[in-house]
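**Q** Predicted model and sequence below, questions to follow.
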Amino acid sequence: MVRGMEPTIEQLKAFFDFCVRASNLLRDIALVRFDQRTSRIVILIGEPIQVEILSNGENIIR
């Protein structure tokens, strides 16, 4: 795998934490994707919620 083409440790920790919180609220996780262009993890939770996890572990919720 090419360097920089996988999630950082901070992203993986944030991803795990976010998925646990979403499942505790009984929310369906519809899609998880690592966008190699932006180096972000993208999570779609149900229809209205989109989460992006930056390489430093920061969450952007829309």
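**A** In hand now; what should we look at? Numbering: from 1, shown residues only.
**Q** from here on, contacts and neighbour counts on C-alpha atoms
**A** Noted.
**Q** does residue 32 really touch residue 44, like I thought?
**A** Yes. Shown here, residue 32 and residue 44 form a contact pair, counting by CA atoms under 8 Å, at 6.6 Å.
**Q** the more surrounded of these two?
**A** A direct count of neighbours by other CA atoms under 10 Å for residue 32 and residue 44 places residue 44 higher, at 18 against 14.
**Q** Look up phi and psi at that one.
**A** Backbone dihedrals for residue 44, given as degrees, to the nearest 10, come out at phi -110, psi 120.
**Q** what's near enough to touch it?
**A** Listed by CA atoms under 8 Å, 6 or more residues apart in numbering, the contact set of residue 44 reads 29-32, 50-51.
**Q** got a winner among the residues you listed for most neighbours?
**A** residue 51 (18 neighbours).
**Q** Might you report the residue contacts of that residue?
**A** The contact partners of residue 51, taken as CA under 8 Å, 6+ apart, are 42-45, 59-62.
**Q** beta partners of it?
**A** Taking DSSP bridges as the rule, residue 51 bridges to residue 43, residue 61.
**Q** Need the per-residue pLDDT for it.
**A** Model confidence at residue 51, given as pLDDT, is 91.
**Q** How about residue 4?
**A** On pLDDT, residue 4 comes in at 57.
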